[in-house]
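K.L.:
no FASTA, just this:
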């Protein structure tokens, strides 16, 4: 829960079931859902099972100021979310075990000095084996490409030996010299300082 002037708020990741655009229930295909404490506590299956299927209705609002730093990392990301203020806005609720997540990492091909992105999907409900299998996939993939992981995807558990772990970034606890060295290497490689 996050405190706001109107009381505690809970942020949930929305999914989509639009089969024409995404395979299955892809958690990367939705927009943030912000719930009041009263609305969130009415769906206790989220805490128990980690995910639910439900139809929610709400009001499209700008992301509250106190959440901007947590939700919006880039200036061009639309700053909107769906606010669900009441349990009456939640219908057709049931547990599901079919929700996909897509995690990604950026890695450096140390032989060719190229910077690439790799992603892997996993079952978001399987909180133990899902992220672990994605991490194992990337460790093998990056190793096969003479790579070094620059970023990680799991804020709670380190899955990769990344130069810039995501949990360090979120705490603001990064080696600034090492970070600047990496930025300088990328700028030199792609002549970004010439732009």
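P.N.:
Good, I have the coordinates. In this text the structure is predicted, and so the values were computed from the model without any measurement. Numbers count the residues shown, from 1 in each chain.

K.L.:
low pLDDT regions in the chain?
P.N.:
Across the chain, the ranges flagged by pLDDT under 70 are 1-6, 14-30, 44-52, 66-78, 92-99, 125, 193-195.

K.L.:
ok, now with 50
P.N.:
19-24, 27, 74 (pLDDT under 50).

K.L.:
tell me the first helix or strand C-terminal of the lengthiest helix in the chain.
P.N.:
Identified as the longest helix of the chain according to DSSP state H is helix 129-144. Note on helix 129-144: by DSSP states H and E, the next helix or strand toward the C-terminus is strand 147-149.

K.L.:
domain parsing for this protein?
P.N.:
According to automatic domain parsing, the chain comprises the domains 9-95, 101-194.

K.L.:
quick revisit: what comes up buried for the longest helix of the chain?
P.N.:
Going by neighbour count (16 or more other C-beta atoms under 10 Å), the buried part of helix 129-144 is 130, 131, 133, 134, 135, 137, 138, 139, 141, 142. Any C-beta I mention is one placed from the backbone N, CA and C, and that applies to glycine too.

K.L.:
can I get these in a markdown table including distance to residue 174?
P.N.:
Output for the buried residues of helix 129-144, formatted as a markdown table (distance: C-beta to C-beta, whole Å):
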| residue | distance to residue 174 |
| --- | --- |
| 130 | 27 |
| 131 | 22 |
| 133 | 27 |
| 134 | 23 |
| 135 | 20 |
| 137 | 25 |
| 138 | 20 |
| 139 | 22 |
| 141 | 24 |
| 142 | 20 |
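
K.L.:
looking at those residues, which one is closest to residue 8?
P.N.:
Set against residue 8, the nearest of the buried residues of helix 129-144 by C-beta to C-beta is residue 131 (27.4 Å).
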